[in-house]
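Student: model the structure of this input:
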Amino acid sequence: MKKYLSVKEILDKKEGDVSLRGWVYRIRDQKDNIFITIRDETGIIQLIAAKEKLKEEEFLLAKTLGIESSIIVYGKLRKEERSPQGYEIDIDSLKLIGKSENYPISKDFSEEFLLDVRHLWLRSRKMTAILKIRSTAIGAIHEYFRKEGFYEYQSPILQSVQCEGGSSLFKVDYFEQEGVFLAQTWQLYAEPAIFSLGKIYTIAPSFRAEKSKTSRHLTEYWHAEMEGAWIDFEQLQDYGEGLIKHVIKTVLEKHKEDLEILKRDINLLETAISKPFVRMTYTESLKLLKEKADMDVEWGKDLRTIEEDKLSKLHDTFVIVTRYPKIVKAFYMKEDPDDSKVVLGFDCIGPEGYGEIIGASEREPDLEKIKQRLEDDGEDPKHYEFYLDTRRYGSVPHAGFGMGVERLIAYITGVDNIKDTIPFPRTMVRYKP
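Tutor: Okay, the predicted model is just below:
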């Protein structure tokens with residue numbers, strides 16, 4: 001069987017006879033010489049179809065190739081300083097595999113058009129680079145948690161309770177049953193498992209029916225979540241910092257060329273993970289905003305995007321904001337024993353205005369306090385009996401967090417919109433293709 005090399009393997013080979021397969025990325029006809037740039041998942045390289053070297057039918061084929069036609073090429077690799085890659089392939093033989101005519105992505109690069117043809121835009125060098133980085137990032141998340149002794153655990157996507165606010169639930173037509181929703185988080189179904197496995201994690205889709213059209217929100221996104229028995233608040237922050245640093249370090253080791261394609265400033269990424277993350281309380285963050293940004297935020301108000309952005313731009317690494325007011329946080333977050341007005345929870349805010357990457361907390365152990373918080377939120381505690389049992393039978397201190405995978409990838413790749421970090425984004429106004 002003929003061995004076909006990838007573009008990267010060919011560039012590593014540097015000279016000699018080569019065989020490769022791929023898609024036409026660019027073509028330039030100069031009468032007796034046709035310059036064809038071919039792409040595969042590893043890169044691009046320039047080919048030359050010379051009239052004097054090819055059979056007449058092959059040369060005519062080269063002239064009629066359309067963008068994104070799939071081809072097989074045999075030829076000779078040689079050094080060529082004028083080529084963008086420093087090498088070129090002189091074609092000895094050319095075979096058309098799949099015709100492509102009038103490829104629709106040519107001049108219109110508007111955001112909405114590219115979302116309409118997302119199934120084709122995935123082929124772009126930009127999306128290829130992002131998706132390769134995404135694959136590595138998800139692998140690094142698995143690697144980090146397993147190295148730290150966590151077990152992978154799955155929870156149901158179809159759930160009967162809400163965890164993050166009823167207004168952002170997607171209701172499901174579940175036979176004739178009422179009160180079934182798509183998961184906002186695994187948390188309520190993860191906490192029972194720590195009594196079996198100790199430390200657990202998952203990477204799974206979550207769904208939020210938030211009526212938001214910002215560049216940071218998706219209605220379907222991938223959630224890296226962890227939960228652990230005997231983990232205290234300080235350890236939880238360490239896990240969050242360790243995870244983010246490991247993912248970014250791994251991407252930097254494996255994807256410098258892809259980051260260059262995306263024009264990402266690698267120095268900013270290296271700086272962000274070269275030092276301890278900044279840690280401050282919510283109250284300290286309000287003081288800093290007032291002193292450094294002339295922003296007067298009333299104590300008890302949640303930090304909005306504008307405040308998070310300003311905080312992030314005051315630092316060149318991630319900022320962990322702890323001890324938010326209890327009134328703005330979820331019912332399961334533990335009251336601070338030293339101050340009942342705040343909870344032992346934190347948000348980890350990305351540099352350069354990339355917003356909240358992680359939301360976390362130690363979990364409230366007091367059964368009666370959880371019941372009261374549920375009632376305050378308009379929920380019936382009877383619907384949460386399975387969850388409340390975790391506090392009735394041998395409860396232990398425990399904590400966990402959720403990290404938005406696409407938000408971290410957006411920061412790493414430097415893209416302007418989170419929609420570019422996932423193959424087929426789902427938003428308030430887009431559910432196809």
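
Student: CA atoms for contacts and neighbours, from now on please.
Tutor: OK.

Student: now the residue of the chain positioned farthest from its centre, what's its secondary structure?
Tutor: Computed with C-alpha atoms, centre = their mean, the residue of the chain farthest from its C-alpha average is E52, at 49.2 Å. Classification of E52 using DSSP: H, G, I helix; E, B strand; the rest coil returns coil.

Student: need phi/psi at the closest residue to it other than its chain neighbours.
Tutor: For E52, ignoring the flanking residues on the chain, the nearest one in space by C-alpha to C-alpha, 6 or more residues apart in numbering is D32 at 7.8 Å. Dihedral angles of D32 (phi, psi; degrees, to the nearest 10) stand at phi -90, psi -10.

Student: ok, D32 - contacts?
Tutor: D32 is in contact with 50-52, counting by C-alpha atoms under 8 Å, 6 or more residues apart in numbering.

Student: give me that answer again for 10 Å
Tutor: Contacts were defined as C-alpha atoms under 10 Å, 6 or more residues apart in numbering; by that measure D32 touches 49-52, 59, 63.

Student: out of the residues you listed, give me the one that has the most neighbours.
Tutor: Neighbour counts for these (other C-alpha atoms under 10 Å) peak at A49, which has 26 neighbours.

Student: distance of that residue relative to I89?
Tutor: For A49, the distance to I89 (C-alpha to C-alpha, to the nearest Å) stands at 9 Å.

Student: need the overlap of contacts for the two.
Tutor: Common contacts of A49 and I89 (C-alpha under 10 Å, 6+ apart): 35-36, 75.

Student: adding neighbour count, write those out as CSV.
Tutor: CSV is the format used below for these (neighbours: other C-alpha atoms under 10 Å):
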residue, neighbour count
F35, 21
I36, 25
G75, 20
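
Student: which of the contacts of D32 sits closest to E270?
Tutor: E270 has its nearest neighbour among those in A49, at 42.7 Å by C-alpha to C-alpha.

Student: spit out the contact partners of the closest one.
Tutor: With contact set as C-alpha under 10 Å, 6+ apart, A49 has these partners: 29, 32-36, 58-63, 75, 89-94.

Student: mind checking pLDDT for the closest residue to K79 other than its chain neighbours?
Tutor: Closest residue to K79 apart from its sequence neighbours, by C-alpha to C-alpha, 6+ apart: Y87 at 4.4 Å. Note for Y87: predicted pLDDT of 94.

Student: swap in K171?
Tutor: Residue-level confidence at K171 comes out at 93, pLDDT.

Student: you'd agree it is up against G179?
Tutor: Yes: K171 is within contact range of G179, at 7.2 Å (criterion: C-alpha atoms under 10 Å).

Student: neighbour count: those two, which is higher?
Tutor: K171 (16 against 12).

Student: list the contacts of that one.
Tutor: Residues near K171 by C-alpha under 10 Å, 6+ apart: 158-160, 178-183, 209.

Student: of those, keep whichever come out buried.
Tutor: Buried subset of the contacts of K171 (neighbour count, 16 or more other C-alpha atoms under 10 Å): 159, 180-183, 209.

Student: pick out the lowest-pLDDT one from those residues.
Tutor: Ranked by pLDDT, the buried ones among the contacts of K171 bottom out at A209, which has 91.

Student: just to revisit the earlier point, the residue farthest from the centre of the chain and I38, how far apart?
Tutor: Distance, E52 to I38, using C-alpha to C-alpha: 21 Å.

Student: residue ranges for the strands of the stretch 201-350 of the chain, please.
Tutor: 220-229, 278-281, 319-322, 335-336, 339-343, 345-350 (DSSP state E, counting those that start in this stretch).

Student: list the neighbouring strands of the first one plus their orientation.
Tutor: Going back to what we said before, that points to strand 220-229. Its sheet considered, strand 220-229 pairs with strand 199-207 (antiparallel), strand 398-404 (antiparallel) by DSSP bridges.

Student: before we move on, back to that, a markdown table for the strands of the stretch 201-350 of the chain, including distance to Y103, mean pLDDT and mean neighbour count?
Tutor: Formatted as a markdown table, the strands of the stretch 201-350 of the chain follow (distance: least, C-alpha to C-alpha, whole Å; pLDDT from 0 to 100; neighbours: other C-alpha atoms under 10 Å):
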| stretch | distance to Y103 | mean pLDDT | mean neighbour count |
| --- | --- | --- | --- |
| strand 220-229 | 29 | 98 | 24 |
| strand 278-281 | 48 | 98 | 15 |
| strand 319-322 | 45 | 98 | 25 |
| strand 335-336 | 58 | 96 | 21 |
| strand 339-343 | 55 | 96 | 18 |
| strand 345-350 | 38 | 98 | 27 |
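
Student: K263: which of the ones you listed is closest?
Tutor: K263 lies closest to strand 345-350 among the strands of the stretch 201-350 of the chain, at 18.8 Å (C-alpha to C-alpha).

Student: coming back round to it: which ones among the contacts of A49 map onto strands?
Tutor: Among these, the residues falling in strands (DSSP state E) are 29, 33-36, 75, 89-94.

Student: closest to S83 out of the buried ones among the contacts of K171?
Tutor: Distance to S83, by C-alpha to C-alpha, is smallest for A209 among those, at 49.2 Å.

Student: for the closest one, give me its contacts.
Tutor: By C-alpha under 10 Å, 6+ apart, the contact set of A209 is 166-171, 182, 184, 218-220, 427-428.

Student: rewinding a little: can you say which of the strands paired with strand 220-229 is nearest to L20?
Tutor: strand 199-207 (35.7 Å).

Student: what pairs with I91 across the strands?
Tutor: Bridge pairing for I91 (DSSP bridges) gives the partners G75.

Student: please tell me how far E101 sits from L269.
Tutor: Distance, E101 to L269, by C-alpha to C-alpha: 41 Å.

Student: looking at these two, which is more packed in?
Tutor: Counted by other C-alpha under 10 Å, E101 and L269 do not tie: L269 has more neighbours, with 21 against 11.

Student: run through the stretch 151-300 of the chain and note the low-pLDDT ranges.
Tutor: Along the stretch 151-300 of the chain, segments meeting pLDDT under 70 span 165-166.

Student: what ranges does it have for its helices?
Tutor: 187-190, 194-197, 233-254, 256-261, 266-272, 282-293 (DSSP state H, counting those that start in this stretch).

Student: how's the chain carved up into domains?
Tutor: Here the domain assignment for the chain is 7-98, 116-421, based on automatic domain parsing.

Student: please state the offset of the longest one from the chain centre?
Tutor: If I follow you right, that is domain 116-421. In terms of C-alpha atoms, centre = their mean, to the nearest Å, the centre of domain 116-421 is found 12 Å from the chain centre.
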